[in-house]
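# take this sequence and fold it.
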Amino acid sequence: MQVLVANDARLLTELRATALGRDGFSLHLAHPERDVAEQAAELAPAAILLADGEACPDPVGVCHRLRARPETCTTPLIVVGLAFHRRRLEAAGVDAFVPRPLRRGELHEALGRILAIEPRAAVRRAVELPARVRDEAAGRERTVTIHDLSLSGAFLTGEELPEPGSPARLAVTVAGRPLELPAHVVRRGRGRGGLAGAALKFEAVDTATRIFLGAIARQAIDLRPFGFGGGAR
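Prediction:
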C-alpha cells in the first residue's frame, strides 16, 4: 500500500514508529519542487499525508487542488498542522487533522481510523469459509478452507498448498461480497486447533477492502445470515 507523504523531517521521524513503518506500506516522498496534487494523481496512493511547513507551505491550497482532481477527489487525506488552520483544512476536504505539537497517540489514532490499520496483535476472526487459492508460481488453483481471517491475512487448510514465499491469489466470498486478494505464503505449519495449513499475508489490498476485512475481523459484520459462525480471537 503506497502512501504519499510530504517530505517533512519531523513527520517522517514520527512515521517510522507507527504502523506505516511496517511491511506492506510504502512511503513515497513528495518531491518538494513539484505540485503535490500532480504527484498524487500520477501515483494513485492509498492515502496522502501532509504536514504544513517548508515541504507544504500552502496545505489548504493543496487540499483544494487534490479534491478538485478526479484521480484524488476521494483519496483519504491526513494533515498535520497548526490548530488555527483546522477549520479551513476540514472545509477543504481533509479526512483527519492532527494538530501540532505532534502527539504520537493522535497520529496513531488518525492513521488507524483512516487506513483501518490493525494493531500489532492482529484481531483475527475464527471462521470456516470455503475458498480457492491460486499458486501463481505453479499456475494451479486449489480448493481450501479459511479458518482465521484478519485485515492483513488468513490461515487456510487444503491439499497441495503453496510453499512459503510463493505468490498466491485467494478468491473467497465473505458476507456476500466476492473478494480477489493477492497474497504470499508466510509460513506452513500448525494453526488454530493444531490444524496443518498455510498462513497468507495479503498484499496491495485497496483501502475499501481493508476497511471491510477489518470490520469482519472485529465482528462488526454478522456472518450468521450467510451460514458462517466463529468468533474473534
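# which of the helices and strands in this protein ranks last by mean pLDDT?
helix 9-15 (a mean of 68; mean pLDDT, DSSP states H and E).
# show me what the helix or strand just after that one packs onto, helices and strands only.
Beyond helix 9-15 on the C-terminal side, the first helix or strand identified by DSSP states H and E is strand 26-29. If you count contacts as 3 or more Cβ pairs under 8 Å, 6 or more residues apart in numbering; DSSP states H and E, strand 26-29 packs onto strand 2-5, helix 9-15. (Glycine included, C-beta is placed from N, CA and C.)
# which residues does V123 contact?
For V123, the contact set (Cβ atoms under 8 Å, 6 or more residues apart in numbering) comprises S150, L151, G214, A217, R218, A232.
# one more: P101?
So P101 contacts nothing (Cβ under 8 Å, 6+ apart).
# what about it, distance to I48?
22 Å (Cβ to Cβ, to the nearest Å).
# enumerate the positions of whatever helix or strand E42 lives in that are buried.
Using DSSP H and E, E42 sits in helix 36-43. Judged by neighbour count (16 or more other Cβ atoms under 10 Å), helix 36-43 contains these buried residues: V36, A37, E38, Q39, A40, A41, L43.
# dump those to JSON lines, plus distance to D222.
Converted to JSON lines, the buried residues of helix 36-43 look like this (distance: Cβ to Cβ, whole Å):
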{"residue": "V36", "distance to D222": "41"}
{"residue": "A37", "distance to D222": "40"}
{"residue": "E38", "distance to D222": "43"}
{"residue": "Q39", "distance to D222": "41"}
{"residue": "A40", "distance to D222": "36"}
{"residue": "A41", "distance to D222": "39"}
{"residue": "L43", "distance to D222": "37"}
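# quick one: which of the residues you listed is nearest C56?
Closest approach to C56 among the buried residues of helix 36-43 (Cβ to Cβ): V36, at 6.6 Å.
# and D148, how many neighbours does it have?
Here the number of neighbours of D148 (other Cβ atoms under 10 Å) works out to 22.
# looks like it contacts T157 (just checking).
No: if you go by Cβ atoms under 8 Å, D148 and T157 don't touch, sitting 10.4 Å apart.
# surely A175 and L223 touch.
Yes: contact criterion Cβ under 8 Å: A175 and L223 qualify, at 6.0 Å.
# backbone dihedrals for C73, please?
With angles defined as degrees, to the nearest 10, C73 sits at phi -60, psi -20.
# list the residues that contact it.
Residues near C73 by Cβ under 8 Å, 6+ apart: L66, R67.
# how near is it to H31?
Distance of C73 to H31, computed by Cβ to Cβ: 22 Å.
# same list (the buried residues of helix 36-43) but as JSON lines, adding pLDDT.
Below are the buried residues of helix 36-43 laid out as JSON lines (pLDDT from 0 to 100):
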{"residue": "V36", "pLDDT": "91"}
{"residue": "A37", "pLDDT": "92"}
{"residue": "E38", "pLDDT": "93"}
{"residue": "Q39", "pLDDT": "93"}
{"residue": "A40", "pLDDT": "93"}
{"residue": "A41", "pLDDT": "93"}
{"residue": "L43", "pLDDT": "92"}
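# return the closest of those residues with respect to R113.
R113 lies nearest to A40 out of the buried residues of helix 36-43, by Cβ to Cβ, at 20.3 Å.
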